[in-house]
Each structure stands twice: as structure tokens, then as C-alpha cells.
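> I need the structure of the sequence given here:
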Amino acid sequence: MKTNNPIIRHVFTSDPTLIEHDGVVYLYTGHDECPVEREEYIMTNWLCFSSRDLVNWVEHPSPLAAKDYTWASGDAFASKIIYYNNLFYFFTAVSHKTIPGKAIGIAVSERPTGPFFDAKGAALITGDMLPVEAGEKANLDPSVIIDDDGRAFIFWGNGRCLYSQLSEDLLELKGEIKQISLPEFNEGSHVYKRNGNYYLMYGYGTPERVAYAMSESIYGPWKFMGLVNELAGNCETNRPATLDISEKSYFFYHNGGLKDGGSHRRSVCMDYLHYNNDGTIKKVMMTSEGIEPVSI
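Numbering: from 1, shown residues only. Okay, here's the model as predicted:
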């Protein structure tokens, strides 16, 4: 039996985000660099891989490092990729040099493999912009959705789920920052729309499983629907991503399944994602064999 999980096996990867473009799927991940003799998060850049069948992946040069933002100190956290107005926008969480706490930046490229460049020369979201007092990690794990009417929204957070509308060029917050009340919300927001339903997945509790909520509107109310998957092996965190290709749905996550792996040396995996007739999600069966090759 062939083992396809984790899908990247020569380097530690985390926090997947991905996009399909011109018949190719591009996967962007965090890069866990912590040596085996230590246990702490050490991440300074992001990695990029591409595939034409979701099983065989080609590595590309790192598309972005945290210090490519002149205002960032060098720590790299979860990201989100979108394609909008013929450009690729890469929303990334980093540590700010001068404003306390984490911040969210935007990098842009004309090519999916980059290189990406700072789109505005400053952070999109910083700790001093939040409407309520929050912790040092409040601005983590951005997720961006372009709604059917062209409006863009960003969701993010650690300890509490925040969201706001974005300007038409995606470079500013257009609306006020609001909070969504979700059970056991820790981090790892992933928002998307499918068949008229809005979905908000997130890291649930500690250690993190993945749970989700559904809504008929991007503004809510959001109804908690339960768990998407249980604890991923040998890892205390998770950050989900999803993809619909060739009439099938796929669930991306990370675990600590590689040799010397763990919470600080994670690895991206993928398995099938199934929906019920009413749009609710069936719990994901995490496997070592992964999926069969796909014709994209």
C-alpha cells in the first residue's frame, strides 16, 4: 500500500493554503525549521509546491520570507493565498518590529510561484488596531474570501475570531473589526463558500482539533456544527484548508507524522472531504495512504 501522507516528506511543512490556477494546484506552507534537539516554533519563510495530480508535488524556491517585509522582525506564521484582479495576493502573519504583537501583511506577485513583494510597505493589521484588548498573538492565521458580489473579507485571530471587510484593492480594512463567538476557538481560521453556504473552519481547543460553523451570510449568524477531524497525530496545532477539484473535495491539515516530527516539526497531509446532502460536513477520516491521483 502506497503512503501519500504526509504529502511533503523531505522538509517540515505546516499551515497549508492553496489555489488552483490554469490546471495546476499550488500549495503554500509554513516552514518548520526547529532542530530536533529543541522544542519551539522557528519559522522564517514560506514554501511553495505545485502539482498536476495532487499526489506528485514539485518544490519551487521560497516565494517569500518574513524579513521581505521591512517592518517585520522575521517570524513567519500561517498564510492565505488568493487570486484577484490578475494578481496573486499572499496574506501572511508575522511579528512586527515596532508595534507590539503579531501583524498581518500582504505580498503580491504576477506569478503563483512568486517571488512575492510587499504590496503596501506597511502592515494591513497591527495589534493597536484591535477594538478590544487582545494578547500578543491576536493577529494570526489570516483567511480571505472574495464573495460573489466582489466584496472581500478577512478572518483571523488567536483566542478570539475576528473579521472585517477589505477595500476594493485589498490593501486596507474597509469596515470595522468585529468578533465572532465560536466554541473553543483557538486559531487557524479558514473561511470559504460552497453551494450557497458559508463555512468557517478553525482550530478547536488545545490540543487542537478542527471544528466548523456554517452561515447563510458572511456577516453571520454562524452556527456551530461540530468537528471536522480529531487530533492529528503527534501535533498540538492544526490549520485546515480545503479544495474542490474534478467534482471531489479535499481536506488539508498538518500532523507530526514524519521521523523526528512533532508540534514544532509538522507535515502537511490531505484526505478526502465529504458533505451531506444538506451541506454539513462528514467527519474526515485521516489516513496514511491519502488520496488517489486526480486529473486536474
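
> Ends of stretch 41-48, what's the gap?
19 Å (C-alpha to C-alpha, to the nearest Å).

> where in the protein is pLDDT low?
Under the criterion pLDDT under 70, the flagged ranges of the chain are 1.

> Of all the strand elements in it, which one is longest?
In the chain, taking DSSP state E as the definition, the longest strand is strand 72-84.

> can you give me how far that one is from the chain middle?
Its chain's average C-alpha position is 9 Å from that of strand 72-84, according to C-alpha atoms, centre = their mean, to the nearest Å.

> Next: stretch 235-251.
Chain-centre distance of stretch 235-251: 10 Å, with C-alpha atoms, centre = their mean.

> Just the CA trace of that stretch, in CSV.
Provided in CSV are the C-alpha atoms of stretch 235-251 (Å, rounded to 0.1, in the frame of the first residue of the first chain):
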residue,chain,number,x,y,z
CYS,A,235,0.9,17.5,17.0
GLU,A,236,-0.9,20.0,19.2
THR,A,237,-1.9,22.5,16.5
ASN,A,238,-3.8,22.5,13.2
ARG,A,239,-4.8,24.8,10.5
PRO,A,240,-7.2,23.5,7.8
ALA,A,241,-7.6,24.2,4.1
THR,A,242,-10.0,22.9,1.5
LEU,A,243,-10.1,22.4,-2.2
ASP,A,244,-12.7,21.3,-4.7
ILE,A,245,-11.3,19.7,-7.9
SER,A,246,-12.9,17.5,-10.5
GLU,A,247,-16.1,17.2,-8.5
LYS,A,248,-14.4,16.0,-5.4
SER,A,249,-13.4,17.8,-2.2
TYR,A,250,-10.2,17.6,-0.3
PHE,A,251,-9.2,18.5,3.2
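
> Could you list the buried residues of that stretch?
Residues 235, 237-243, 250-251 are the ones in stretch 235-251 that count as buried (16 or more other C-beta atoms under 10 Å). (Each C-beta comes from the backbone N, C-alpha and C, glycine too.)

> before we move on, back to that, so which elements touch the longest strand of the chain?
strand 13-21, strand 24-31, strand 45-51, strand 87-96, strand 102-109, strand 143-146 (3 or more C-beta pairs under 8 Å, 6 or more residues apart in numbering; DSSP states H and E).

> hmm, 6 Å instead?
strand 13-21, strand 87-96, strand 143-146 (3 or more C-beta pairs under 6 Å, 6 or more residues apart in numbering; DSSP states H and E).

> what inclination does the longest one have with respect to strand 13-21?
Here strand 87-96 runs at 160 degrees with respect to strand 13-21, directions being taken by axes from the mean of the first three to the mean of the last three C-alpha atoms, to 10 degrees.

> Please produce CSV containing the helices and strands packed on strand 72-84, extended by distance to residue 49.
Shown next, in CSV, are the helices and strands packed on strand 72-84 (distance: least, C-beta to C-beta, whole Å):
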stretch, distance to residue 49
strand 13-21, 8
strand 87-96, 15
strand 143-146, 20
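
> May I see the ones you listed organised as JSON lines, with distance to residue 38 and mean neighbour count added?
Formatted as JSON lines, the helices and strands packed on strand 72-84 follow (distance: least, C-beta to C-beta, whole Å; neighbours: other C-beta atoms under 10 Å):
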{"stretch": "strand 13-21", "distance to residue 38": "16", "mean neighbour count": "23"}
{"stretch": "strand 87-96", "distance to residue 38": "19", "mean neighbour count": "23"}
{"stretch": "strand 143-146", "distance to residue 38": "30", "mean neighbour count": "22"}
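
> closest one to residue 259 among these?
Comparing those against residue 259 with C-beta to C-beta, the closest turns out to be strand 13-21 (14.3 Å).

> That closest one pairs with which strands, parallel or anti?
Sheet partners assigned to strand 13-21 using DSSP bridges are listed as strand 24-31 (antiparallel).

> can you give me how far the partner strand is from the chain middle?
Offset of strand 24-31 from its chain centre (C-alpha atoms, centre = their mean): 10 Å.

> again, but for stretch 206-226
Mean-position distance between stretch 206-226 and its chain equals 15 Å (C-alpha atoms, centre = their mean).
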